[in-house]
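1. could you work out the structure for the sequence below:
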Amino acid sequence: VQLQASGGGLVQAGGSLRLSCAASGFTFDTYVIAWFRQVPGREREGVSCISSTDGSTYYGDSAKGRFTISRDSASKTVYLQMNNLKPEDTAIYYCAAVNPGGDWDGGYWGQGTLVTVSS
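-> Below is the predicted model:
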């Protein structure tokens, strides 16, 4: 099982980035996929997730109106389009996969990609 997150980098405030999470080794279409972020020393924060069935999405308050999550079954990839980035979006972003109703701590996790937003 592998979740490979990529697309992070350094961007100025107001800019955009698109994160990708490439999945392999499990039945992608049956798993809920989410993006979390974490700043060292702080609690992990849920950013967004997308369902395995109807494509319904959820956004944390910090992501609403600025971020868009999507999934492509053909390539087994989940994307997070992040627009109008702010310095407070700086964090390591992780993608994770879990069975519907499962606990995220028991799911699959990627290695994270660093996003740095300069003011």
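2. find the centremost residue of the chain, please.
-> Trp35 (2.4 Å; Cα atoms, centre = their mean).
3. tell me who's in contact with that one.
-> 19, 21, 46-49, 69, 78, 80, 93-96 (Cβ atoms under 8 Å, 6 or more residues apart in numbering). Using the backbone N, CA and C atoms, a C-beta is placed for each residue, glycine as well.
4. now do the strands in the protein.
-> For the chain, the strands defined by DSSP state E cover 2-6, 9-12, 17-24, 32-38, 45-50, 57-59, 67-72, 77-82, 91-98, 108-109, 113-118.
5. in a markdown table: these, plus mean pLDDT.
-> Shown next, in a markdown table, are the strands of the chain (pLDDT from 0 to 100):
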| stretch | mean pLDDT |
| --- | --- |
| strand 2-6 | 96 |
| strand 9-12 | 98 |
| strand 17-24 | 97 |
| strand 32-38 | 97 |
| strand 45-50 | 97 |
| strand 57-59 | 97 |
| strand 67-72 | 97 |
| strand 77-82 | 98 |
| strand 91-98 | 97 |
| strand 108-109 | 96 |
| strand 113-118 | 98 |
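6. buried subset of the contacts of Trp35 as a PyMOL selection?
-> Under the burial definition 16 or more other Cβ atoms under 10 Å, those of these that qualify are selected in PyMOL by:
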select buried, resi 19+21+46+47+48+49+69+78+80+93+94+95+96
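7. adding distance to Gln111, write the contacts of Trp35 out as CSV.
-> Formatted as CSV, those follow (distance: Cβ to Cβ, whole Å):
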residue, distance to Gln111
Leu19, 13
Cys21, 11
Gly46, 18
Val47, 16
Ser48, 19
Cys49, 19
Ile69, 19
Val78, 15
Leu80, 15
Tyr93, 11
Tyr94, 8
Cys95, 9
Ala96, 11
